[in-house]
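A.B. asks: Take a look and give me a structure for this.
(2 chains)
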2 protein chains.
Amino acid sequence: MQRFFKNFSIKEVRVVQQSNKKRVVILGAGYGGVIAAQGLGKLAKKLNLDITLVNKHNYHQMVTRLHEPAGGFAEGDEVRIPLKRLVNDNVKLIKDWVEAIDPVNKQVTLKEQVVAYDYLVIGLGSDPEYFCIPGLQEHSYTLRSLNAARLIKTQIEGSLAKYKVESQSEEGLLNIVVGGAGFTGIELLGELAEWLPVVAPKYDVNVKDIRLICVEAAPTVMPGFDEELSIKAADILRNKGVELKIGTPVKEVTQDYVMIGDEKIPTKLMIWTGGVRGNSVLEDSGFTTQRGRANINEFLQSTNFEDVFIIGDSSIYYDENGRPLPPTAQIAMQQGEHLVHNIERLLTGQEMTPFVFINRGIIASIGPKEAVGIVFGKRVSGLLAVYLKRLVHYRYLFIFGGIPLVIQGFLGQFIPQVSIKSDYTTLNG
Amino acid sequence: MQRFFKNFSIKEVRVVQQSNKKRVVILGAGYGGVIAAQGLGKLAKKLNLDITLVNKHNYHQMVTRLHEPAGGFAEGDEVRIPLKRLVNDNVKLIKDWVEAIDPVNKQVTLKEQVVAYDYLVIGLGSDPEYFCIPGLQEHSYTLRSLNAARLIKTQIEGSLAKYKVESQSEEGLLNIVVGGAGFTGIELLGELAEWLPVVAPKYDVNVKDIRLICVEAAPTVMPGFDEELSIKAADILRNKGVELKIGTPVKEVTQDYVMIGDEKIPTKLMIWTGGVRGNSVLEDSGFTTQRGRANINEFLQSTNFEDVFIIGDSSIYYDENGRPLPPTAQIAMQQGEHLVHNIERLLTGQEMTPFVFINRGIIASIGPKEAVGIVFGKRVSGLLAVYLKRLVHYRYLFIFGGIPLVIQGFLGQFIPQVSIKSDYTTLNG
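C.D. replies: Numbers count the residues shown, from 1 in each chain, chains lettered A, B, ... in the order given. Predicted coordinates for the structure are as follows:
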């Protein structure tokens, strides 16, 4: 940890109350946090706001697309955008980690400083849920960040290289196990199934020697999703050579093998996508949570502290039928938008309005050439779904960065130099 | 090991004596072995020979260029040539490992079969020499094969990825130690010094956080080489940011650190280029050896068994002043050529002639843009040396594969699809 900050001296910096400005601190630059920072940034002068966005990276990462750099087709710049391109100058950016929130004294402890607030927006996303499966946390990889995605890619290439060096070769080196067949798992499997036949020959490995195994405790892939499409997704994956072990829980993970039911599968690479819980900072900071996700009211305020708004995966929101909304980017973005609207009303003496989720649907890509989904209540698959998925991405780029980002995102597919780049190696900024 | 051969049943196959043909078995398709197989292949009908070339890969690898794929600028096809492109149809190819030689019963035990011979040519190259340094063999990488080079590359990329994933980061992850500042070490350092600034930003790592350290027990880099050029090479490396620790022995290696003199350097990547000894099969098979290199007479025959010829790094040859020739590709190739000449004379009842080494010089490249060397007794460096080095490579391609290979090797630099390719993933062939 020390090394991340070797150019800094450890110090405490308090954001000093500037005149009568309201200090709004946004934690996390995910799908919800960026939308909130953009919207509030535009209202900063009108509402007399002092806005700070805290994020562990100096970029926003498209978490829903991390399967692409995990399979080696993308390098990284395709799935992230520098924050300074996304928010205006009214938003102060701090690159730091959130260690604790003190909602009583209205301040947040970061690794490098302490930040005080009048209003806090928490969009810290989720952590993996390991369900107390022995060894799972210690011996698995996750797909929670671009860096984690790159690590998966390098581990796979490392295994391919090791396999051909006799003194380094070990049992199970070419067995890749993906735990969980939800959206993340399915999209990762689809990507790996396309990438492995391309990368294996680069290391002289016959792709037939590689096993790509998916294990899911629920009785179908994509549990809770449309049944017909789930079956279709399973068929597509099987045709790509993925071994699906459905209705079978992971029992134990060690550094040498995975126990799937009663079957012992030797492996050095277990990737866990089987569940999420809210970011642990909330639970640890005294918020009432359910599986780590904080309770909020219909205005998106914490049920514990009304000057704290919590959006995205970090909170849990119940629809009109009393069912919790799933943790998706779509909901986070709509909540980010609604939060801006509510803070504006709050600060201008109007009543806040309740959040209502508009379900536009969801599409899972299974490799670059296949997708299944539901769009405005209708089933889509095949090429149509692939194009709609691309459209969803452009819509997202448009919401985030307007026409310039859409053009760059589009051209970047063909001309790598045009992709959204920045210098990410510097320690701050 | 089993996996390499899963499509075979283990069986013994003896090469049956066909009529009155002389069975010549060549072990190893390195620089010497290929030249021998090519030359003998052309004489097969005239001399009534049954020729077999045994090699652990179905390709010849340019061991002197392995620093290129170790740094990620080359993928592999640049530094190998499929054997079936190099030898004619008179040479039977066997892809297998040599386990033991029985020079009394005139047969060679491979992993999958036993091969009998009338004349044996051994060109099995060398093994690393670890000088009994504690932990060195267990905890170091070598640059002895394309697969090993790729492993170094994937280990470096894996470390860069891990460095940015907090839960995986460890001390010394960005310290790369190269043990030995001979030709291999220098060329590897030069390549890494050029490649690291390119690859680090791909993982968001600031290249300044990486340490590239070279340790050499002798008092200069390139021990035994021209002093002026050694100093020049050291200056070039230092300017590229390499830390040179000269005149300091490696004392101990563990999986977490290297002891260099009294200094403890945390590292996960120690690459050992500090010395070679002859392939251990020779010692184990009853040949008289010096540091693993078998003794031969002036006709390149084993001093123990006159129907066995030993060339290249596997044997040790003394020049007219009684000094042993160093293990280089140049000597191996000249010996391969001379061996063909001598076998022809032997089988046509003429007297064999003694081998005489013609020293054309040697050039070390230090990254793609620098080189130092001696050519026909004259010092060269800078651009001239870079071009001469390239010329040496084209000369080698010409000797090996004639004009077509030179053209392909030249175009392959610019058009990857034209590089010398084949399917290397299959188990035999």
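A.B. asks: How about the contacts made by the nearest residue to residue A:119 once chain neighbours are set aside?
C.D. replies: The shortest distance from residue A:119 to any non-neighbouring residue, by CB to CB, 6 or more residues apart in numbering or on different chains, is to residue A:24 (4.7 Å). Quick note: C-beta positions are derived from backbone N, CA and C, even for glycine. Shown in contact with residue A:24 (CB atoms under 8 Å, 6 or more residues apart in numbering or on different chains): A:40, A:49, A:50, A:51, A:52, A:117, A:118, A:119, A:120, A:121, A:343.
A.B. asks: And for residue A:373?
C.D. replies: By CB under 8 Å, 6+ apart, residue A:373 lies in contact with A:229, A:361, A:362, A:363, A:364, A:379, A:380, A:381, A:385, A:388, A:389.
A.B. asks: Just the buried ones from those, in ChimeraX syntax?
C.D. replies: Only the buried entries of the contacts of residue A:373 go into this ChimeraX selection, using 16 or more other CB atoms under 10 Å in any protein chain shown:
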select /A:229,362,363,364,380,381,385,388,389
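A.B. asks: Tabulate the contacts of residue A:373 (JSON lines), appending secondary structure, pLDDT and distance to residue B:183.
C.D. replies: Compiled in JSON lines, those are given as follows (DSSP: H, G, I helix; E, B strand; the rest coil; pLDDT from 0 to 100; distance: CB to CB, whole Å):
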{"residue": "A:229", "secondary structure": "helix", "pLDDT": "94", "distance to residue B:183": "60"}
{"residue": "A:361", "secondary structure": "strand", "pLDDT": "90", "distance to residue B:183": "62"}
{"residue": "A:362", "secondary structure": "strand", "pLDDT": "91", "distance to residue B:183": "58"}
{"residue": "A:363", "secondary structure": "strand", "pLDDT": "93", "distance to residue B:183": "56"}
{"residue": "A:364", "secondary structure": "strand", "pLDDT": "93", "distance to residue B:183": "53"}
{"residue": "A:379", "secondary structure": "strand", "pLDDT": "94", "distance to residue B:183": "64"}
{"residue": "A:380", "secondary structure": "strand", "pLDDT": "93", "distance to residue B:183": "60"}
{"residue": "A:381", "secondary structure": "strand", "pLDDT": "93", "distance to residue B:183": "58"}
{"residue": "A:385", "secondary structure": "helix", "pLDDT": "93", "distance to residue B:183": "56"}
{"residue": "A:388", "secondary structure": "helix", "pLDDT": "91", "distance to residue B:183": "58"}
{"residue": "A:389", "secondary structure": "helix", "pLDDT": "90", "distance to residue B:183": "53"}
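A.B. asks: residues from chain A in reach of chain B?
C.D. replies: Residues of chain A lying close to chain B (CB under 8 Å from any CB of the partner chain) are A:1, A:3, A:75-76, A:145, A:147-148, A:150-151, A:153-155, A:157-158, A:160-162, A:164-166, A:168-169, A:200-207, A:209, A:423-427.
A.B. asks: Now, of those, which are buried?
C.D. replies: For the residues of chain A next to chain B, a neighbour count by 16+ other CB under 10 Å gives the buried set as A:75-76, A:145, A:147-148, A:150-151, A:153-155, A:157-158, A:160-162, A:164-165, A:168-169, A:200-205, A:207, A:209, A:424.
A.B. asks: now, which of those lie within helices?
C.D. replies: In helices, defined here by DSSP state H, the members of these are A:147, A:148, A:150, A:151, A:153, A:154, A:155, A:157, A:158, A:160, A:161, A:162.
A.B. asks: gap between the fourth one and residue B:168?
C.D. replies: Right, the one you point to is residue A:151. Shown here: residue A:151 relative to residue B:168, a distance of 7 Å by CB to CB, to the nearest Å.
A.B. asks: Check the fifth one too.
C.D. replies: From residue A:153 across to residue B:168, the span is 14 Å (CB to CB).
A.B. asks: cool, the last one as well?
C.D. replies: Shown here: residue A:162 relative to residue B:168, a distance of 18 Å by CB to CB.
A.B. asks: If you average the pLDDT over the helix or strand residue A:197 falls within, what comes out?
C.D. replies: Secondary structure assignment for residue A:197, by DSSP states H and E: helix A:183-199. Per-residue pLDDT values across helix A:183-199 average out to 94.
A.B. asks: in the helix or strand just after that helix, what's buried?
C.D. replies: Moving toward the C-terminus from helix A:183-199, the first helix or strand encountered (DSSP H and E) is strand A:211-216. Along strand A:211-216, the positions that meet the burial threshold by neighbour count (16+ other CB under 10 Å) are A:211, A:212, A:213, A:214, A:215, A:216.
A.B. asks: quick one: low-confidence parts of the stretch 301-429 of chain A?
C.D. replies: Applying pLDDT under 70 to the stretch 301-429 of chain A flags the ranges A:412-429.
A.B. asks: Just the helices from it, written as ranges.
C.D. replies: A:329-347, A:382-412 (DSSP state H, counting those that start in this stretch).
A.B. asks: Pick the most buried one from these.
C.D. replies: Burial of those is given as mean neighbour count (mean count of other CB atoms under 10 Å in any protein chain shown); helix A:329-347 ranks first at a mean of 21.
A.B. asks: Now do it: which elements does it pack against?
C.D. replies: On a contact count with 3 or more CB pairs under 8 Å, 6 or more residues apart in numbering or on different chains; DSSP states H and E, helix A:329-347 meets helix A:31-47, strand A:308-310, helix A:382-412.
A.B. asks: returning to what we had before: and the angle from the helix holding residue A:197 to strand A:211-216?
C.D. replies: With axes from the mean of the first three to the mean of the last three CA atoms, to 10 degrees defining the directions, helix A:183-199 sits at 180 degrees from strand A:211-216.
A.B. asks: what's the first-to-last distance across stretch A:245-253?
C.D. replies: With CA to CA, to the nearest Å as the measure, the ends of stretch A:245-253 fall 16 Å from one another.
A.B. asks: Now do it, average pLDDT.
C.D. replies: Stretch A:245-253 comes out at a mean pLDDT of 96.
A.B. asks: buried stuff in that stretch?
C.D. replies: Residues of stretch A:245-253 classed as buried: A:245, A:246, A:248, A:249, A:250, A:251, A:253 (neighbour count, 16+ other CB under 10 Å).
A.B. asks: what sits against the residue nearest the centre of chain A?
C.D. replies: Centroid check for chain A by CA atoms, centre = their mean gives residue A:63 as the closest residue, at 3.3 Å. Contacts of residue A:63 were listed using CB under 8 Å, 6+ apart, and they are A:30, A:31, A:125, A:144, A:145, A:329.
A.B. asks: now the helices: where do they sit in the stretch 1-150 of chain A?
C.D. replies: Along the stretch 1-150 of chain A, the stretches classed as helices by DSSP H, counting those that start in this stretch are A:31-47, A:67-70, A:83-86, A:146-163.
A.B. asks: From chain B, how far off is residue A:301?
C.D. replies: Distance, residue A:301 to chain B, by CB to the nearest CB, to the nearest Å: 31 Å.
A.B. asks: Is it correct that residue A:265 is in contact with residue A:175?
C.D. replies: Yes: because the distance of 6.0 Å satisfies CB atoms under 8 Å, residue A:265 is recorded as touching residue A:175.
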